[in-house]
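**Q** Task: produce atomic coordinates for the following.
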Amino acid sequence: MTEWFSMVIALCALGLSAVTAYIQHRTRKKEIFTARVTAYFHRTSEFAKVRLPDGTLRQAGYHLVIWNQGPATADSVELLVKDPAGDTVALADCSDNEFPLARLDVSGRYPIPWLPTTDKHRGARRFTVVLRWQDRNGKHERVLPLRRGETNS
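**A** Numbers count the residues shown, from 1 in each chain. Next comes the predicted model:
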């Protein structure tokens, strides 16, 4: 009876070890195929020159940078910027067909000069950025609160 009981315990331990190994393998495999897309404001020492639709030339002291920190590529990357009231912020250097980005490689960064098209958003400092992308694990969405620092513009 003791041998039989020992055998059952050993088989249960073996089964538990196999299940644990399988779960760890799946978790590692999922992590390998995951893109981690984020965004941040980057202050530039040299101002980016942006031509507005009316032809005037403006300078942008910040870039909104989209960055893929994950170990996999991100596909169909979409960007939406909102102000604290929930209104969409349009950037002068982004054309209507610029997003979604077809692909953002591992460690890839995509800077966009920070120059809102309306005066309402030029002095604002707090924004919400919504990022959507796809990787081999499916579709993802990330909502980031961002705060821009002081500028002289």
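**Q** going forward, measure contacts and count neighbours with C-alpha atoms only.
**A** OK.
**Q** Average pLDDT for the strand ranked longest in the chain, rounded please.
**A** Identified as the longest strand of the chain according to DSSP state E is strand 37-51. Strand 37-51 comes out with an average pLDDT of 86.
**Q** so what does the helix or strand following that strand touch, helix or strand wise?
**A** Scanning forward in sequence from strand 37-51 by DSSP states H and E, the next helix or strand is strand 57-68. In terms of contacts (3 or more C-alpha pairs under 8 Å, 6 or more residues apart in numbering; DSSP states H and E), strand 57-68 is packed against strand 37-51, strand 109-113.
**Q** which residues sit against stretch 104-114?
**A** With contacts defined as C-alpha atoms under 8 Å, 6 or more residues apart in numbering, stretch 104-114 is touched by 35, 48, 50, 60-75, 77, 91-94.
**Q** correction: stretch 44-59
**A** Contacts for stretch 44-59 (C-alpha under 8 Å, 6+ apart): 60-63, 92-93, 113, 115, 117.
**Q** Any chance you could give me that stretch in CSV, C-alpha atoms only?
**A** What follows is stretch 44-59, C-alpha atoms only, in CSV (Å, rounded to 0.1, in the frame of the first residue of the first chain):
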residue,chain,number,x,y,z
THR,A,44,14.6,69.2,-29.1
SER,A,45,17.6,71.6,-28.8
GLU,A,46,17.1,72.6,-32.5
PHE,A,47,13.6,73.5,-33.4
ALA,A,48,11.9,71.5,-36.1
LYS,A,49,10.6,73.6,-38.9
VAL,A,50,7.0,72.8,-39.9
ARG,A,51,5.1,74.3,-42.8
LEU,A,52,1.4,74.8,-42.0
PRO,A,53,-1.4,74.3,-44.5
ASP,A,54,-1.6,78.1,-45.0
GLY,A,55,2.1,78.2,-46.0
THR,A,56,3.5,79.8,-42.9
LEU,A,57,6.6,78.3,-41.3
ARG,A,58,6.5,77.5,-37.6
GLN,A,59,9.0,75.9,-35.2
